[in-house]
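**Q** When you get a sec, could you give me coordinates for this:
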Amino acid sequence: METALLAAISMGRDLLQKNKEWTSLAKQTPESERNPDQRPASKASIITGFHQDQDGHWVAELSCGHTQHLRHQPPWQSRAWVLDPLQRQEKIGQPFDCGWCAQGPVSDNLGV
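**A** Below you'll find the model as predicted:
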């Protein structure tokens, strides 16, 4: 019994020593930046295109570099136009308020 307890304690200690903690990053990678084209925050993005994600949901591609899912799932989200190729095409070039850009910097160490 005592040997099993000592072995368990030793194994637990070994596992704790192998736990490698990763340092957090002070600045995100460029593709994650909130405002990569440096346009004023008050200016809306423009829809530049669409693609489907791995689940078949439509995603708007925005001029700011961000993307936005555009699901049509009534009654919560009513965007029937996203299912029609012609109506999607008509949205290209239209202004779109980007939720990521509206948030602004998330911390002081991201810079301007």
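**Q** which strand in the chain runs the most residues?
**A** Taking DSSP state E as the criterion, the chain has its longest strand at strand 45-52.
**Q** Show me what I47 bridges to in the sheet.
**A** L62 (DSSP bridges).
**Q** just for this protein, where's the confidence low?
**A** Across the chain, the ranges flagged by pLDDT under 70 are 1-2, 5-43, 104-112.
**Q** Can you name the residues in contact with the helix or strand hosting Q89?
**A** Using DSSP states H and E, Q89 falls within helix 85-91. Contacts with helix 85-91, where a contact means CB atoms under 8 Å, 6 or more residues apart in numbering, come from I47, F50, W58, A60, W81, V82. Any C-beta I mention is one placed from the backbone N, CA and C, and that applies to glycine too.
**Q** do that again at 10 Å, thanks
**A** The contact list for helix 85-91, computed with CB atoms under 10 Å, 6 or more residues apart in numbering, reads I47, G49, F50, W58, A60, L70, R79, A80, W81, V82, D84.
**Q** For the fourth one, give the beta-bridge partners.
**A** Under the criterion DSSP bridges, W58 forms beta bridges with Q52.
**Q** H66 versus that one, what's the distance?
**A** Plainly put, W58 is 15 Å away from H66 if you go by CB to CB, to the nearest Å.
**Q** quick one on the thing from earlier: select only the buried ones of the contacts of helix 85-91 in PyMOL?
**A** Restricted to buried positions by 16 or more other CB atoms under 10 Å, the PyMOL selection for these reads:
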select buried, resi 47+50+58+60+70+82
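**Q** Where do the strands of the protein begin and end?
**A** 45-52, 58-62, 67-69, 95-96.
**Q** where do the helices sit along this structure?
**A** Assigned by DSSP state H, the helices in the chain fall at 2-18, 85-91, 99-103.
**Q** which parts of the second one are buried?
**A** So that's helix 85-91. Neighbour counts using 16+ other CB under 10 Å place R88 of helix 85-91 among the buried residues.
**Q** mind exporting it as CSV, just the C-alpha atoms?
**A** C-alpha atoms of helix 85-91 as CSV (Å, rounded to 0.1, in the frame of the first residue of the first chain):
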residue,chain,number,x,y,z
PRO,A,85,-26.2,33.3,-55.9
LEU,A,86,-27.5,36.4,-57.7
GLN,A,87,-28.5,38.2,-54.5
ARG,A,88,-25.0,37.4,-53.0
GLN,A,89,-23.4,38.8,-56.1
GLU,A,90,-25.4,42.1,-55.7
LYS,A,91,-24.0,42.5,-52.2
